[in-house]
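Q: sequence-free structure coming up:
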């Protein structure tokens, strides 16, 4: 009755505030999957732009790192979600470069 008089919207179980879920399901992975999707969509918007390594570093630290820090401050993120967020940041920062750490590394040859 009071909600109708004040015209207050009823909160849905899937509503979010500042990107963070207001309610957490039994499956925490399912609750926080939206954060991974939103971070991925943000990165997809940047991939079309030609950013230097310094530009990618700035974007990673200022935007992507801030989102993850905020979410981690509010909730204890599941390890799988945290590793996905780190992976998205890492892939964006390195770009299309594929580094194969084991194939090209060897001990220096002694003549």
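A: Looks like it arrived, so ask away. None of these values were measured; they are calculated from a predicted model.

Q: residue contacts, the closest residue to residue 68 other than its chain neighbours?
A: Distances taken as Cβ to Cβ, 6 or more residues apart in numbering put residue 85 closest to residue 68, at 5.0 Å, once the chain neighbours are dropped. No exception for glycine: its C-beta is placed from N, CA and C like everyone else's. Residue 85 makes contact with 35-36, 39, 64, 68, 77 under the criterion Cβ atoms under 8 Å, 6 or more residues apart in numbering.

Q: before we move on, what about residue 18?
A: residue 70.

Q: Could you report the pLDDT at it?
A: The model reports residue 18 with a pLDDT of 75.

Q: distance of it from residue 59?
A: With distances taken as Cβ to Cβ, to the nearest Å, residue 18 is found 19 Å from residue 59.

Q: Might one say that residue 51 is in contact with residue 45?
A: No. Using Cβ atoms under 8 Å, residue 51 makes no contact with residue 45, being 11.6 Å away.
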